[in-house]
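>>> coords below, sequence missing:
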């Protein structure tokens, strides 16, 4: 049975964006099944009584340089931030769950949203920008937006957030190989090693 | 003129220990001059209004696994913690400054202290344990301990801590290549790239 690589992410998280650009290739190399798990960082930080890292000015200054360096390592366009930062990612994350329900849609959708935010500085709380990402992923825009407002999807996003906390997450991106947890884009080499050992 | 690699560390920091095991080889590979800069994390966190990462239970649980994984990558003994954690590192850091004043002493001294703490779970606030590290580095124990209590050394440790903050540090280990700052043992590949480009 193939191993599963669970990717807990929030569309508001620039390090999740970085990781998202690497995961499909990593999954192919290791034969793992990639599972995208959108969740909300805000409620997680609140539940843990912690603050988002960008609230520390010195850390934020360093993070901007660090994100640039990673974008260069990965061959990505210079990393930019939407004007309204932090990003309101609730609708984007709900749509991520909608996209996950149809085979092969979540990868293209997620990458279109992340690129809109962090390569094009677009407002990914807007229905227009999200509509373009849904179209790029071959999804019906009106239907997806309607589904995103359903109680089932809202409950699923809450559940992902609660699951993340219960399993030990304290930020994003967070990866699970079984119940072994890895935190951060900078731990992808450890993730790959764990999958290679397990496989 | 050779590039300088400044290593801001605190003997209380397990990620500083990990980095310390790699830096001399990295300096040799890049031709950089390694400068050891002991400082105190406690006053830095206090000045920034932040908390040490191990105060977050979920992060601490993950850090223990993560430190284990890095120890394995580096071929180090399993990482352990002294019984009295967090470590009172004031005297060790002051002795680090004393050791820095004599050519070729700080590397062996620092590695002996870090190993005592994180490979042997010994109490590195004790004069006995620090005395052994001083001896291992070829330093006169009584003289070094006397110097460590001097106003000049106390002032130098405060200055290193203030310099770290002024230059943008928010944790340890922190590295500088010129004024380009890198945070974390997990950024040593970026440090090496910066030194290779500059050199």
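Ah, there it is. Being a predicted model, the structure only gives us computed values, none of them experimental.
>>> just checking, residue A:179 touches residue A:163?
No: Residue A:179 is beyond contact range of residue A:163, at 11.6 Å (criterion: CB atoms under 8 Å). C-beta here means a position set from N, CA and C on the backbone, and glycine is covered the same way.
>>> just want to know which of these two has more residues nearby.
A side-by-side neighbour count of residue A:179 and residue A:163, using other CB atoms under 10 Å in any protein chain shown, places residue A:163 first with 15 against 7.
>>> what residues does whichever strand or helix holds that one touch?
Using DSSP states H and E, residue A:163 sits within helix A:151-166. With contact meaning CB atoms under 8 Å, 6 or more residues apart in numbering or on different chains, helix A:151-166 is reached by A:8, A:37-40, A:43-44, A:47-48, A:90, A:93-94, A:97-98, A:147, A:174, B:58.
>>> summarise which helices and strands the helix or strand of chain A with the lowest mean pLDDT is packed against.
Between all helices and strands in chain A, the lowest mean by mean pLDDT, DSSP states H and E belongs to helix A:188-198, at a mean of 93. When contacts are defined as 3 or more CB pairs under 8 Å, 6 or more residues apart in numbering or on different chains; DSSP states H and E, helix A:188-198 sits against helix A:23-30, strand A:174-177, strand A:180-183.
>>> direction included, what does the last one pair up with?
Translated: strand A:180-183. Strand A:180-183 pairs in its sheet with strand A:174-177 (antiparallel), by DSSP bridges.
>>> starting at the chain centroid, how far to the partner strand?
Once both centres are worked out by CA atoms, centre = their mean, to the nearest Å, strand A:174-177 turns out to sit 12 Å from its chain's centre.
>>> what about that strand, average pLDDT?
Averaged across strand A:174-177, the pLDDT comes to 98.
>>> how about it: buried residues?
A:174, A:175, A:176, A:177 (16 or more other CB atoms under 10 Å in any protein chain shown).
>>> who touches stretch A:76-86?
Contacts for stretch A:76-86 (CB under 8 Å, 6+ apart): A:12, A:14, A:17-18, A:21, A:52, A:54, A:67-68, A:70-71, A:117-125.
>>> filter those residues down to the buried ones and hand me the ChimeraX line.
In ChimeraX syntax, the buried subset of the contacts of stretch A:76-86 is picked out as below (16+ other CB under 10 Å):
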select /A:12,14,17,18,21,52,54,67,70,71,117,118,119,122,124,125
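>>> near chain B, which residues of chain A show up?
A:48, A:50, A:56, A:58-59, A:61-62, A:65-66, A:69, A:165, A:168-170, A:180-181, A:183-184, A:186-187, A:190 (CB under 8 Å from any CB of the partner chain).
>>> where does chain A have low pLDDT?
Applying pLDDT under 70 to chain A flags residues A:198-199.
>>> residue A:55: neighbouring residues, count only.
Residue A:55 has 12 neighbours, counted by other CB under 10 Å.
>>> ditto for the one 10 residues further on
Close neighbours of residue A:65, defined as other CB under 10 Å, add up to 14.
>>> do residue A:31 as well
Residue neighbour count, defined by other CB under 10 Å, stands at 12 for residue A:31.
>>> equivalent analysis for the one 5 residues further on, please.
Residue A:36 sits with 19 neighbouring residues when counted by other CB under 10 Å.
>>> residue A:15 now?
For residue A:15, the count of nearby residues is 21 (other CB under 10 Å).
>>> what about it, helix or strand, and which?
Take DSSP H and E as the rule and residue A:15 turns out to sit in helix A:14-20.
>>> which residues touch that helix?
With CB under 8 Å, 6+ apart as the test, helix A:14-20 has contacts from A:7, A:9-10, A:63, A:67, A:70-71, A:74, A:76, A:79, A:81, A:110-111, A:114-115, A:117-118, A:172-173, A:175, A:184-185, A:188.
>>> switch to 6 Å and redo it
Counting contacts by CB atoms under 6 Å, 6 or more residues apart in numbering or on different chains, the residues outside helix A:14-20 that touch it are A:9, A:67, A:70, A:110, A:114, A:118, A:172, A:173, A:185.
>>> which residues sit in contact with residue A:123?
So residue A:123 contacts A:82, A:129 (CB under 6 Å, 6+ apart).
>>> swap in 8 Å and give it another go.
Neighbouring residues of residue A:123 by CB under 8 Å, 6+ apart: A:82, A:83, A:84, A:129.
>>> okay, these in JSON lines with secondary structure next?
JSON lines is the format used below for these (DSSP: H, G, I helix; E, B strand; the rest coil):
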{"residue": "A:82", "secondary structure": "coil"}
{"residue": "A:83", "secondary structure": "coil"}
{"residue": "A:84", "secondary structure": "coil"}
{"residue": "A:129", "secondary structure": "helix"}
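>>> what's the first helix or strand after the longest helix along chain A?
In chain A, assigned by DSSP state H, the helix with the most residues is helix A:57-74. Sequence-wise, the next helix or strand downstream of helix A:57-74 (DSSP H and E) is helix A:90-100.
>>> what's next to stretch A:50-65, contact-wise?
Contacts for stretch A:50-65 (CB under 8 Å, 6+ apart): A:14, A:41, A:45, A:85-86, A:170-171, B:48, B:50, B:56, B:165, B:168-170, B:180-181, B:183.
>>> name the nearest residue to the spatially most central residue of chain A, ignoring sequence neighbours.
Geometric centre of chain A, nearest residue: residue A:9, 3.1 Å, by CA atoms, centre = their mean. Excluding its sequence neighbours, the residue lying closest to residue A:9 (CB to CB, 6 or more residues apart in numbering or on different chains) is residue A:16, at 3.8 Å.
>>> okay, now residue A:110: neighbour count?
Here the count is done by other CB under 10 Å, and residue A:110 has 27 residues near it.
>>> check the one 3 residues further on too.
Here the neighbour count serves as a burial measure; for residue A:113 (other CB under 10 Å) it reads 30.
>>> quick one: it and residue A:11 touch, right?
Yes: Residue A:113 is in contact with residue A:11 according to CB under 8 Å; the separation is 5.4 Å.
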